[in-house]
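1. sequence and computational prediction follow.
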Amino acid sequence: MLIRRLLLALALLAVLADPALATDSDGLRLLMLSAQDMNTPQTLLRADIAVGFEGPKGSRTTDAIVIFAPGKDARWYVQVRDPELRALVLGSERKVMQHVGSVTETVPIGARVDALGFVYEDLSRFIVDDFKTWQITDEAPDHILVGMFPVVESAYVYRAYTFDKEKTVPTKVQFYAKTLNNLVKLRVDSEHVLMGKKWLPTVIELQDYPEGTRTRLTIRWTQGAAVPPELLAPASFASAPPLAPSTSAASPAPGPTK
């Protein structure tokens, strides 16, 4: 019994001594700042997306184009082919200019995009200062799970991010709404590719528990995309012609994985 206790004590000391399993507050902030930098484009970043959606009323496929702009205002543009929708997301202002048919309206960043099965906020950039009270809830040599509370307008009261320590990107996000025990959504990023110095996911899967929907995004990225500037300007984006599909767009997405 004594030997067993000694072995357990030595194992615990080894874990505590392993820097990969003992991230302190400074190390955590550096990791999250690196994650913020990783998903901040240096030039216009285009994502051609094949969308597979499954819900209580059946499944469907469509495609979308998203343009992420560089800069601190975390601005991005999205257009969906069917059902037709275009929107300009003003991340720093936490609002969205949404254009459907001939109507343009301003909606919150937490507004739901029914065609895609998620809210605009779910694809928005990770910004460290948008959160407070970062708390490590689990850690392993290759990843770390961090819970945090948003301090900006949000559809969620709490999020738990799983970060890949080597790539410094979030690979999983758990979203909680209204209460801390109400998990409403799960996002999983996978099959990352290196674009310049940025690791970007080529597959994003979202599961919305209350709505009973699953969405799979298959993404092809293009750096330094040529985009008319009026698409990213609030005064002109609604009247600007939509972007043409890329000839190298992602293949049609299969139905969401079970």
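-> Good, I have the coordinates.

2. pLDDT weak spots in this structure?
-> Within the chain, the stretches with pLDDT under 70 are 1-22, 247-258.

3. try it again at 50.
-> Applying pLDDT under 50 to the chain picks out residues 1-17, 19-20, 249, 251-258.

4. so which residues of the stretch 101-250 of the chain form strands?
-> For the stretch 101-250 of the chain, the strands defined by DSSP state E, counting those that start in this stretch cover 103-108, 112-113, 118-119, 131-139, 143-150, 158-164, 169-176, 183-195, 198-208, 213-223.

5. packing partners of the last one?
-> Looking back up the chat, that one is strand 213-223. On a contact count with 3 or more Cβ pairs under 8 Å, 6 or more residues apart in numbering; DSSP states H and E, strand 213-223 meets strand 45-55, strand 183-195, strand 198-208. Any C-beta I mention is one placed from the backbone N, CA and C, and that applies to glycine too.

6. repeat that for 7 Å
-> strand 45-55, strand 198-208 (3 or more Cβ pairs under 7 Å, 6 or more residues apart in numbering; DSSP states H and E).

7. pipe these into JSON lines and attach distance to residue 144 and mean neighbour count per row.
-> Output for the helices and strands packed on strand 213-223, formatted as JSON lines (distance: least, Cβ to Cβ, whole Å; neighbours: other Cβ atoms under 10 Å):
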{"stretch": "strand 45-55", "distance to residue 144": "26", "mean neighbour count": "22"}
{"stretch": "strand 198-208", "distance to residue 144": "16", "mean neighbour count": "19"}
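
8. can you lay out those as TSV showing distance to residue 180?
-> Shown next, in TSV, are the helices and strands packed on strand 213-223 (distance: least, Cβ to Cβ, whole Å):
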stretch	distance to residue 180
strand 45-55	27
strand 198-208	18
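
9. now the strands of the stretch 101-250 of the chain as JSON lines including distance to residue 241?
-> Shown next, in JSON lines, are these (distance: least, Cβ to Cβ, whole Å):
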{"stretch": "strand 103-108", "distance to residue 241": "15"}
{"stretch": "strand 112-113", "distance to residue 241": "21"}
{"stretch": "strand 118-119", "distance to residue 241": "26"}
{"stretch": "strand 131-139", "distance to residue 241": "37"}
{"stretch": "strand 143-150", "distance to residue 241": "35"}
{"stretch": "strand 158-164", "distance to residue 241": "36"}
{"stretch": "strand 169-176", "distance to residue 241": "33"}
{"stretch": "strand 183-195", "distance to residue 241": "27"}
{"stretch": "strand 198-208", "distance to residue 241": "27"}
{"stretch": "strand 213-223", "distance to residue 241": "19"}
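
10. of those strands, which is nearest residue 46?
-> When the strands of the stretch 101-250 of the chain are compared by Cβ to Cβ, strand 213-223 sits nearest residue 46, at 4.2 Å.

11. all helices of the stretch 1-150 of the chain, in order?
-> According to DSSP state H, counting those that start in this stretch, the stretch 1-150 of the chain carries its helices in the segments 2-17, 25-38.
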